[in-house]
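Participant: okay, here's the prediction I keep looking at, along with the sequence it came from:
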Amino acid sequence: MAKINSLKKQNDFNRVFKTGEVFGNKTFVMYYLKNGSEANRLGIVVSKKVSKKAVVRNKIKRRIKEAYRLNEDSFAMGFDIIIIAKGSCQEEKYNNMEKSLKHLFYKKNLMRS
C-alpha cells in the first residue's frame, strides 16, 4: 500500500472549504472536491475544541489516517478530502470511527462499485 497523499498547503485547504461539498455525521464533517488527478489527497483537522491536549488530538489524527488507509481501496479516487473531527470523536472507539468514516463516503457516493 502506498503512502497517503496529504493536503499540505493552506491554499489547497481554502479551495476545498470554499468550493467543495460538505457532509457530516455525529463524529466527522467531510469536505470534498474533485482534484483532477488519479489519487486522493487527505487533510485532517482536529481542533483544540476537541481536546486541549496535543496527545489526544494526535491520537485522533492517527486513528483517522489508519481508518482511511485500510479502506482506501474501496473509496473513489480523484478527490481532495478534508476530515474534521467533532468533539464526540474523543470518546469514540476505533471501530466506531472507522464505521463513521465509511458512512460519510457511502452517503456521498464516493465508494467504488
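Facilitator: On my side now, so go ahead. The model shown is predicted, which means the values in this text are computed figures rather than measured ones. Numbering: from 1, shown residues only.

Participant: what's the helix or strand hosting residue 63 packed up against?
Facilitator: Element membership for residue 63, per DSSP states H and E: helix 54-71. Here helix 54-71 touches strand 41-45, strand 79-85, helix 94-107, going by 3 or more Cβ pairs under 8 Å, 6 or more residues apart in numbering; DSSP states H and E. In this view, the C-beta of every residue, glycine as well, is placed from N, C-alpha and C.

Participant: deepest-packed of these, please.
Facilitator: Comparing those by mean neighbour count (mean count of other Cβ atoms under 10 Å), strand 79-85 comes out on top with a mean of 22.

Participant: and it, what's its mean pLDDT?
Facilitator: For strand 79-85, the mean per-residue pLDDT is 97.

Participant: swap in stretch 19-29?
Facilitator: Stretch 19-29 carries an average pLDDT of 95.

Participant: give the bridge partners for the residue nearest the centre of the chain, please.
Facilitator: The chain has residue 83 as the residue nearest its centroid, 3.0 Å off, counting by Cα atoms, centre = their mean. Under the criterion DSSP bridges, residue 83 forms beta bridges with residue 30, residue 44.

Participant: my guess is it meets residue 67, correct?
Facilitator: No: between residue 83 and residue 67 there is no contact, the gap being 9.4 Å when judged by Cβ atoms under 8 Å.
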